[in-house]
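*Asks:* no sequence for this one, just the structure:
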């Protein structure tokens, strides 16, 4: 109504009619007290569900005992000498979405998600170190044939053990190489969130007013692509719009924001990034976000570094898109001295300013890899994936305990 | 949905469970969302459902539903999943204590009776609070008002029903001058909507973001750091709480294993986890598996007194549950977490006493800390230089690496600004010899 929304959630399907009426009342009530500009929703084409990922083995057809057995084997594979604790999680879910709106859109789909995570804790003389790996996908039970969960578990245990003897990183400003997983988190946190058009409209993004201007090194091209069958895939978004690839940054130039129908109606642009957790309000979210391949090799990046750090894996990150300040933590790293990978480092983090660091990217590899994850915003969590090839950043703020 | 808990209990029992527990919850909420300087959305919702925990030969099975006609399926599934698992001889029994304390201030009629219109008025007050500061406007904000009824029933005669209310509000503001921007955030939470000062939340955030404009750079050094309540709580939550969990101790993934009755913090530090606190956001007659709530002295004069237990982990250590079984939703089994985790330290004029140092309002990235080792490396937001006992210029970027167990030994003072952040209650803490990058 005008500039405000009314939203009612109910778990009582028979009460849908009442809920719709109440939502209208809420929108009116809020609208009377709001000075917000009238909402003009951007038009969308009617969704056609197509190109769904092919599921070979429905998890429902696998007996629960087999699943429990699998979890036991994964755990066992990580229970090596020196490992004091192993925590394995198996999860499967099937979500069905039905969407209706007053423009006559009616569509629905069902997607299964499956995967596991393993955390191994190594202990030695009162010193504890943990490592975690996870593997989640839109897939059936065949995921466990495609990926080798026992090898992943074994590797996780080895990583935890090796961290017992790792050094703390010396903090400071230095060149860093980010591995595909961490660079993916970086691009999601530092670039993706600032490109969400709701942040731009709130005046809470360093990308406000910077469309078609240079925001980073010409080596950097960033896409958000919900059509890819990665963890952030959807057949249509939570306002019924068909998924489309959005070029966020092309050769260092900011090209597009990510939109829902309301922000696209205000700013212009294509609306296909409206997402909601359950029946929360659909807000602007990322899907599968990545830095596109360049043509450097890892060896060439090492050649460039006299003293720096190679950062691997991610324990997550956070960004203030308004200030442009971000922080994230690597699982581990290696000291680089005289162009060579040296001592293993633990608890090393990276922080800085989005615009500064994007300009400092001096090499982009050609080994793009996507990682699944969960992204939280405004209290809602949705599945996403992010990825990148290896990238070299000339100057970054590294934090550590050494 | 009219949930018949006795019937669910009987169903699971008949399906072959040795013991059964049913937990049901129904939450009605009103929310008002703010975008920039006006209201964007009003929402109303009800979440309700129940979870059934069935025990067969010590193995635990769990199933939940939010649909009345599926309760019988859930009861059967809970028993079935318990039967598939290996028997667990270490399981003793579900809580059986049927005497519960009375805790005051958990329900407020005015909060339950608040209408959408009332909440809109509060939201506008939040906006007005932020509007009085020049160069500054709200970015986003939200007010939520909830009434929750929950009930626990088990086959050991535990039966407890409680009705509680809560309200919380936050606002984020941005200040702009020239091409520069700075943001800030503030929030309050209470069992009583009338105790929340909406205007003050808006004003606090707005003044803080404006004060953060025009920052200077600082060089890496080791100095005195004052962590304000939100920063302390954020850090404690992500680095320290999991080490206190008896489950993590028993599973060899806690740094506090073997540290009972040893000094783990500065002598002046006392921490009480209080399930009985009047008006506490985590107060209740029982924890979420029916153990009567209590006040637990976790750290006394710097010495670790106890871990946090639920019934099962307490049985393993042959001790009593500290009533720390917590549920965040009906569709999961309880986990060990804090009640009202209260940090106490003798207060003084900590800012005035600090000749040189920094003061940090909020942290970014505390959730990336290592919960097992306690190592963290977090970015500070809204941080300022302290010189000669006064807060001076804002700092551009500041990273603090450290370790929570080291930090607890280096506390040198606390402010009188105790803030209730929901599950953690703390003043500003002053820490000596912290690195800043």
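*Replies:* That came through, no problem. What you see is a predicted model; the values in this text were computed from it and never measured.

*Asks:* Can you point out the buried residues in stretch B:408-427?
*Replies:* Buried residues in stretch B:408-427, counted by 16 or more other C-beta atoms under 10 Å in any protein chain shown: B:408-415, B:418-427. From N, CA and C alone the C-beta is placed, and that goes for glycine too.

*Asks:* near chain A too, which of the residues you listed?
*Replies:* Among these, not one lies near chain A by C-beta under 8 Å from any C-beta of the partner chain.

*Asks:* Okay, and which of the residues you listed map to helices?
*Replies:* Among the buried residues of stretch B:408-427, the residues falling in helices (DSSP state H) are B:408, B:409.

*Asks:* Which SSE is immediately downstream of whichever strand or helix holds residue B:237?
*Replies:* Using DSSP states H and E, the element containing residue B:237 is helix B:229-239. Downstream of helix B:229-239, the first helix or strand assigned by DSSP H and E is helix B:241-244.

*Asks:* How about residues contacting that next one?
*Replies:* Contacts of helix B:241-244 with the rest of the structure, by C-beta atoms under 8 Å, 6 or more residues apart in numbering or on different chains, involve B:248-249, B:254-256, B:298, B:307-308, B:337-338, B:341, B:371-372, B:374.

*Asks:* elements contacting the lowest-mean-pLDDT helix or strand in chain A?
*Replies:* Every helix and strand in chain A was compared by mean pLDDT, DSSP states H and E; the lowest is strand A:317-320, with a mean of 82. Strand A:317-320 makes packing contacts with strand A:325-329, strand B:356-364 when contacts are defined by 3 or more C-beta pairs under 8 Å, 6 or more residues apart in numbering or on different chains; DSSP states H and E.

*Asks:* So which of the ones you listed is the most surrounded?
*Replies:* Highest mean neighbour count of those: strand A:325-329, a mean of 27 (counted as mean count of other C-beta atoms under 10 Å in any protein chain shown).

*Asks:* Just checking: what are the partner strands of that strand?
*Replies:* Each strand paired with strand A:325-329, and its direction, by DSSP bridges: strand A:317-320 (antiparallel), strand A:349-353 (antiparallel).

*Asks:* Dump the ones you listed into TSV; add distance to residue A:5 as well.
*Replies:* Rendered in TSV, the data for the strands paired with strand A:325-329 read as follows (distance: least, C-beta to C-beta, whole Å):
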stretch	distance to residue A:5
strand A:317-320	25
strand A:349-353	34
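
*Asks:* possible to save the ones you listed as JSON lines with mean neighbour count?
*Replies:* Formatted as JSON lines, these follow (neighbours: other C-beta atoms under 10 Å in any protein chain shown):
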{"stretch": "strand A:317-320", "mean neighbour count": "24"}
{"stretch": "strand A:349-353", "mean neighbour count": "26"}
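
*Asks:* Out of the ones you listed, flag the one nearest residue B:20.
*Replies:* Proximity to residue B:20 (C-beta to C-beta) singles out strand A:317-320 among the strands paired with strand A:325-329, at 41.4 Å.

*Asks:* can you give me how far the closest one is from the chain middle?
*Replies:* Relative to the mean C-alpha coordinate of its chain, strand A:317-320 is positioned 12 Å out (C-alpha atoms, centre = their mean, to the nearest Å).

*Asks:* Let's verify residue A:302: helix, strand, or coil?
*Replies:* At residue A:302, secondary structure determined by DSSP: H, G, I helix; E, B strand; the rest coil is helix.

*Asks:* my guess is it meets residue A:340, correct?
*Replies:* Yes: assessed by C-beta atoms under 8 Å, residue A:302 is found in contact with residue A:340 at 7.0 Å.

*Asks:* out of these two, which sits in the more crowded spot?
*Replies:* Shown here are residue A:302 and residue A:340; by other C-beta atoms under 10 Å in any protein chain shown, residue A:302 has more neighbours (17 against 10).

*Asks:* What distance do you get for residue B:52 to residue B:154?
*Replies:* For residue B:52, the distance to residue B:154 (C-beta to C-beta, to the nearest Å) stands at 10 Å.

*Asks:* Find residues that contact each of those two.
*Replies:* Common neighbours of residue B:52 and residue B:154 (C-beta under 8 Å, 6+ apart) are B:20, B:21, B:22.

*Asks:* Which single residue of the stretch 201-350 of chain B approaches chain A most closely?
*Replies:* Per C-beta to the nearest C-beta, the residue of the stretch 201-350 of chain B with the smallest distance to chain A is residue B:252, at 3.7 Å.

*Asks:* what's the pLDDT at the nearest residue to that residue once chain neighbours are set aside?
*Replies:* Closest residue in space to residue B:252, ignoring its immediate chain neighbours: residue A:84 at 3.7 Å, by C-beta to C-beta, 6 or more residues apart in numbering or on different chains. Looking at residue A:84, its pLDDT reads 92.

*Asks:* Would you mind listing what in the stretch 301-437 of chain B touches chain A?
*Replies:* Within reach of chain A by C-beta under 8 Å from any C-beta, the stretch 301-437 of chain B has these residues: B:364-365, B:367-373, B:375-379, B:381, B:397, B:399-403, B:435, B:437.

*Asks:* In strands, which of those residues fall?
*Replies:* Here DSSP state E is the test, and these give B:364, B:375-379, B:381, B:399-403, B:435 as lying in strands.

*Asks:* domains of chain A?
*Replies:* Domain ranges of chain A: A:1-39, A:59-165, A:172-399, per automatic domain parsing.

*Asks:* Minimum distance to residue B:94: which of those has it?
*Replies:* domain A:59-165 (23.0 Å).

*Asks:* Quick check: end-to-end length of that closest one?
*Replies:* With C-alpha to C-alpha, to the nearest Å as the measure, domain A:59-165 spans 40 Å from end to end.

*Asks:* Now do it: distance to the chain's middle.
*Replies:* Worked out by C-alpha atoms, centre = their mean, domain A:59-165 lies 17 Å from the chain centre.

*Asks:* same question, stretch B:293-306
*Replies:* For stretch B:293-306 - counting by C-alpha atoms, centre = their mean - the centre lies 18 Å from the chain centre.

*Asks:* could you say what helices and strands the strand or helix carrying residue B:168 packs with?
*Replies:* Per DSSP H and E, residue B:168 falls inside strand B:159-177. Judged by 3+ C-beta pairs under 8 Å, 6+ apart, the packing partners of strand B:159-177 are helix B:109-112, helix B:116-131, strand B:136-154, strand B:180-190, helix B:198-211.

*Asks:* one step back: compute the number of surrounding residues for the residue nearest to residue B:252.
*Replies:* Residue A:84: 18 neighbours (other C-beta under 10 Å).

*Asks:* Am I right that it falls within a strand?
*Replies:* Yes: assigned with three-state DSSP, residue A:84 falls within a strand.

*Asks:* where's it relative to residue B:372, distance?
*Replies:* According to C-beta to C-beta, residue A:84 and residue B:372 sit 10 Å apart.

*Asks:* Identify the contacts common to those two.
*Replies:* A:121, A:128, B:253.

*Asks:* Show me which residues of the stretch 101-250 of chain A are close to chain B?
*Replies:* A:121, A:123, A:126-130, A:168, A:171-172, A:198, A:201-204, A:206.

*Asks:* one more time with 10 Å, if that's ok
*Replies:* A:119-123, A:126-130, A:160, A:163, A:168-173, A:185, A:189, A:198-199, A:201-206, A:208 (C-beta under 10 Å from any C-beta of the partner chain).

*Asks:* Weed out the non-buried ones from those.
*Replies:* Using 16+ other C-beta under 10 Å, the buried members of these are A:119-123, A:128-130, A:160, A:163, A:168-171, A:185, A:189, A:198-199, A:201-206, A:208.

*Asks:* residues near the residue nearest to residue B:263 when sequence neighbours are not counted, how many?
*Replies:* Among residues not flanking residue B:263 along the chain, residue B:302 sits closest, at 4.8 Å (C-beta to C-beta, 6+ apart). When counting by other C-beta under 10 Å, one arrives at 18 neighbours for residue B:302.
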